[in-house]
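*Asks:* Give the three-dimensional model of this entry:
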Amino acid sequence: MNDQDGKKISLKDFKGKQGVVLYFYPRASTPGCTLQANGLKDIKAELETRGYAAVGVSFDPVVKIKKFHDKYELNFPLLSDEDHTIIDKYGCWQLKKFMGRENMGTVRTTFIIDKESRLVKVMDKFKTKSHHETLLELLDELTE
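*Replies:* Below you'll find the predicted structure:
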């Protein structure tokens, strides 16, 4: 997948170096997605201290995620998965209901993957505005 600058990024790039907090979000520049991204931006140093990097994925085109990334001065990569291949592979492309309508979309989910590319934990129930705090608590529990 390509990041906000059009650079190809793969989870293999992180293997053996650091773990990855891979999070899937519905749409760039929406209120919930902005809260979540800014929360992760604010804890980047704490994630790195614990040996993790954050990477966000949406089905938005590169142009849209670039604007989102730049507007909020995000300090981690956002990946574009326009055909939702990876989103689907992780089981996050699902039928969603919103205001009485049903459509396919990305279900907000976070995967914690260790430096050997093993899935450690899935976060699928959390409050968007406190996602980053819940994530740090979970990472601390995993290292105890």
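*Asks:* Look at the residue nearest to S58 when sequence neighbours are not counted and say how many residues are nearby.
*Replies:* Spatial nearest neighbour of S58, excluding adjacent residues (CB to CB, 6 or more residues apart in numbering): Y25 at 5.2 Å. Placement of C-beta: from N, CA and C, glycine included. Neighbour count of Y25, defined by other CB atoms under 10 Å: 27.
*Asks:* Can you give me the distance of Y25 to G51?
*Replies:* 23 Å (CB to CB, to the nearest Å).
*Asks:* Kindly report the same for F68.
*Replies:* Distance from F68 to G51, by CB to CB: 26 Å.
*Asks:* neighbour-wise, which of those two wins?
*Replies:* Higher neighbour count among F68 and G51: F68, with 23 against 13, using other CB under 10 Å.
*Asks:* Distance of the more buried one relative to D3?
*Replies:* Going from F68 to D3 by CB to CB gives 12 Å.
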